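**Student:** Need coordinates for the below:
(chains A and B)
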Amino acid sequence: MSTDISYEDASEAHDEQDHGDHKPSGFLDRWLFTTNHKDIGTLYLIFSLTMFLTGGAMAMVIRAELFMPGLQLVEPDFFNQMTTMHALVMVFGAVMPAWVGFANWLIPMMIGAPDMALPRMNNWSFWILPFAFTMLLSTLFMDSGGPAAGWTLYPPLVLQTGTSFAFVVFAVHMMGVSSIMGSINIIATIFNMRAPGMRLLRMPMFVWTWLITAFLLIAVMPVLAGAVTMLLTDHFFGTNFFNAAGGGDPVMFQHIFWFFGHPEVYIMILPAFGVISEILPTFSRKPLFGYGSMVYATATIAFLSFIVWAHHMFTVGMPLQGELFFMYATMLISVPTGVKVFNWVATMWQGSMTFETPMLFAIGFVVLFTIGGLSGLMLAITAADFQYHDTYFVVAHFHYVLVPGSVFALMAATYYWLPKFTGNMYSEKWGKIHFWLSAIFVNVLFFPQHYLGLAGMPRRIPDYSPQFADFNMISSIGGFAFGLTQLLFVGVVWHCAFRSKVKATPEVWEGSRGLEWTLDSPPAYHSFNTPPEVTHNALSRAD
Amino acid sequence: MKKENTVIVALAVLAALIAATWLILVAPGLTGNEINMTRGVTQQSGDHFDLHMIVLWICVVIGIGVFTVMFTSIVLHRKSRGHEAAKFSHSTKAEIIWTIIPVLILVVIAVPATTALVRMEDASGAEMTVKITGFQWRWKYEYLDQDISFISSLDPASNAARQLESGIAPESVDNYLLDVDHPLVLPVGRKIKFLITADDVIHSWWVPALGWKRDAIPGFVNQAWTNIDEPGTYRGQCAELCGKDHGFMPIVVVALPENEFDSWVSEQLAEQGAAQ
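**Tutor:** Prediction:
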């Protein structure tokens, strides 16, 4: 359907593609010096998959130690290094770069642009990351050990980290530089390089959610950089920003950190909302329900994300008025989030659905993200949070929104666009096996953690009282199975890219909507050298 | 698709969801493990438990509603059943409804949530004060009115068993990781104010049966209070990551009837006098 009359000019662009295929020949020229948005997107995605497996291996260490009461495998300090590194690697190394990778691949193709607006900066923003993470991971092998104070880096505890702390701070700085450059590039691309007729309210939802995400990143990454720089000078240069004995304020760090940290969680989930809003209409063969309200809900969530940060720190002893404000503001977030969920369900309603792997992951996302969202509403209630705070209930909550939330959306996006990227179809059978095993074991892994938290198990402990033994063992078994299942994913992607004999059509999916599906699969190295003419909003038009 | 079919499928999905909810919320309790927050032994913990249950059930009902509609759609509106896709792309009326209704639900939740919070933060009228100081990795308790103070650490049996490759089964230790050498002894029926601080890094003092946790922060003195209804032994743990032995600084509160507490105070003072 997508090559209908409204895209007549796109077919001209098709002819242009044949003249646009000038890949550099040498390996280094192609990958190290590349300024091509598709190559850089691929690099980001490969990097993030590597980090996903690295962070996953750390999670396996954590779950293995927690398999039963007593310490069997690692010392408590190494356990703390694992929880800290697992979070840093997954947040900054796996989820965020994966979204930037999809942004690189998709945004130019979705808005009819030939490439990103700032291609050399694009190269740089990727190539910073391998160095940043090599430096971060190298701290695990240093004499003083890696950071062990949690990814939230709370002082004064984090200031007890040894000399490796400087490497952690510089690694965070580099990740921040990379994110900010990536965001500037995305904003510049979306504002300057849209094809004629691609008005803002005709843009695909993935482009919209990334535009808003990019603004969040620019707003908060410098705040994080400032916070860790103050930690650095407190640690090495005798300042007292956060040292109470020197007149500083350890709670101020938490305020600064969470002013970054709360928008950060939306940085990880908003692009996921965009992906789900692309996939559900395709496999429902129906327009996205409520396109306009989806855009406004995303913007509202982004705005609210700046005024709810202190709900991460209800127990620090805030004034009553402050607690009430942050409770009410946090509860409000469930309204635009609810609108999104209801719109997704309304998109499916009365559709003509089929259930290929991307659709399965998208439905899994909606169901399990909703569970995570509802436990988020519970956590917003300040008085009850005095019990929930820093327990496994919180761990269960944020893993529900991040794993079957962000990560499932990343899986959905991979299955959805991989045929476009590679020109080959993946194995539907193995994709479905990957989905069902993931969906079952992610619940075996994380659902019992709600019980553990409510029964009183604190988070970030390497050992626990035997009353928590049963559910920890179930959770660990789920964890090992979920971890192994992800190796299947690697296999499916490898097969699709290099072994699959089934060629993908330009549309790939029967109900696909949007400019990227008018290009060949795989698209030419340089696509849309001549911009297409856009006449309508592909997501919201009934056809 | 006939109307009756829709109703039958919707009912079947609803029944399946209710069964799943029962399995999730009730059945694990049959294993004998605690799966829910407990009511505790103070007015605050009761408030927080009630609030938790109200919001939990509201969330369960919302979840069942959303998932029923969604799974009904998944069953009925599939291409393999020959269902034709509808063309609609928005409905202002529907979108207004599902914005307003959540707001109303939030208002319903906000009322008890605000009441409980205001009660929690009112520490006025306390009859005695205990100062709690967190250290890496033990707690110090000072009874400011009685002039008693002591340090409370993980009990030696747990400490031996918790070492890597200790060879001691955790199950063989009574109250493994949840027992201390010197518990905090408190009277029942008396409003007790806590002043909570720390000496090195941030800790958090948490006894679930009392209904709250509060961070112990160096350079800050936080305030909290309790009024315990029933005598008994209540166990908790440090709740803020505070270094390598964060998991090994438990809290034990022994709540005594007022007269027994007063004689405990006399004993302590006598012991301290003898020691000097």
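
**Student:** For chain A, see how far away the residue of chain B positioned farthest from its centre is.
**Tutor:** For chain B, the residue at maximal distance from the C-alpha centroid (Cα atoms, centre = their mean) is B:Gly82, at 50.1 Å. With distances defined as Cβ to the nearest Cβ, to the nearest Å, the gap from B:Gly82 to chain A amounts to 9 Å. All C-beta atoms are positioned from the backbone trio N, CA, C, and that covers glycine.

**Student:** what residues are up against the nearest residue to A:Thr161 once chain neighbours are set aside?
**Tutor:** Excluding the flanking residues, the one nearest A:Thr161 by Cβ to Cβ, 6 or more residues apart in numbering or on different chains is A:Pro147, at 5.3 Å. Each residue near A:Pro147 by Cβ atoms under 8 Å, 6 or more residues apart in numbering or on different chains is listed here: A:Gln81, A:Thr84, A:Met85, A:Leu88, A:Thr139, A:Leu153, A:Val158, A:Thr161, A:Ser164, A:Phe165, A:Val168.

**Student:** three-state assignment of A:Pro147?
**Tutor:** Going by DSSP: H, G, I helix; E, B strand; the rest coil, the secondary structure assigned to A:Pro147 is coil.

**Student:** Quick check, the residue in chain B closest to chain A?
**Tutor:** As assessed by Cβ to the nearest Cβ, chain A sits closest to B:Gly219 within chain B, at 2.2 Å.

**Student:** Let me see the confidence value for that residue.
**Tutor:** Here, the pLDDT recorded for B:Gly219 equals 93.

**Student:** What number of residues are in the vicinity of it?
**Tutor:** Each residue near B:Gly219 was counted by other Cβ atoms under 10 Å in any protein chain shown, and the total is 18.

**Student:** what's the closest non-adjacent residue to it?
**Tutor:** What sits nearest to B:Gly219 in space, not counting adjacent residues and going by Cβ to Cβ, 6+ apart, is A:Ala244, at 2.2 Å.

**Student:** ok, that neighbour touching A:Met252?
**Tutor:** No. Using Cβ atoms under 8 Å, A:Ala244 is not in contact with A:Met252; the gap is 10.4 Å.

**Student:** just so I have it, where are all the helices in the stretch 151-300 of chain A?
**Tutor:** Using DSSP state H, counting those that start in this stretch, the helices of the stretch 151-300 of chain A run over A:164-192, A:205-236, A:250-284, A:291-304.

**Student:** out of those, deepest packed?
**Tutor:** Neighbour counts averaged per stretch over these are highest for helix A:250-284, at a mean of 24; criterion: mean count of other Cβ atoms under 10 Å in any protein chain shown.

**Student:** Which strands and helices lie in contact with it?
**Tutor:** Applying 3 or more Cβ pairs under 8 Å, 6 or more residues apart in numbering or on different chains; DSSP states H and E, one finds that helix A:250-284 makes contact with helix A:96-111, helix A:205-236, helix A:291-304, helix A:320-348, helix A:357-380, helix A:392-401, helix A:408-422.

**Student:** sorry, back to before: list the contacts for the residue of chain B closest to chain A?
**Tutor:** Neighbouring residues of B:Gly219 by Cβ under 8 Å, 6+ apart: A:Ala244, A:Ala245, A:Gly248, A:Asp249, A:Pro250, B:Thr197.

**Student:** Return a PyMOL selection command for the buried portion of those residues.
**Tutor:** The PyMOL command for the buried members of the contacts of B:Gly219 (criterion: 16 or more other Cβ atoms under 10 Å in any protein chain shown) is given here:
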select buried, (chain A and resi 244+248+249+250) or (chain B and resi 197)
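
**Student:** Spatially, which pair of the contacts of B:Gly219 is furthest apart? Let me know, please.
**Tutor:** Within those, A:Gly248 and B:Thr197 form the most distant pair, 15.6 Å apart (Cβ to Cβ).

**Student:** where in chain A is pLDDT low?
**Tutor:** A:1-21, A:543 (pLDDT under 70).

**Student:** Residue of it nearest chain B, please.
**Tutor:** For chain A, the residue positioned closest to chain B under Cβ to the nearest Cβ is A:Ala244, at a distance of 2.2 Å.

**Student:** Now do the same contact list for B:Ala157.
**Tutor:** Contacts of B:Ala157 by Cβ under 8 Å, 6+ apart are B:Val173, B:Asp174, B:Asp179.

**Student:** Quick one, which of those residues are buried?
**Tutor:** Of the contacts of B:Ala157, these count as buried by 16+ other Cβ under 10 Å: B:Val173, B:Asp179.

**Student:** nearest to B:Phe49, of the contacts of B:Ala157?
**Tutor:** Of all the contacts of B:Ala157, B:Phe49 sits closest to B:Asp179, with 24.9 Å by Cβ to Cβ.

**Student:** Now the closest one. Nearest residue, chain neighbours left out?
**Tutor:** Of all residues apart from its sequence neighbours, B:Asp155 sits closest to B:Asp179 (Cβ to Cβ, 6+ apart), at 4.3 Å.

**Student:** Please give me every residue in contact with the one you found.
**Tutor:** Shown in contact with B:Asp155 (Cβ under 8 Å, 6+ apart): B:Asn175, B:Asp179, B:Val180, B:Asp181.

**Student:** Mark which of the residues you listed are part of helices, please.
**Tutor:** Nothing among those maps onto helices, per DSSP state H.

**Student:** Now which of the residues you listed would you call buried?
**Tutor:** Neighbour-count burial (16+ other Cβ under 10 Å) is assigned, among those, to B:Asn175, B:Asp179, B:Val180.
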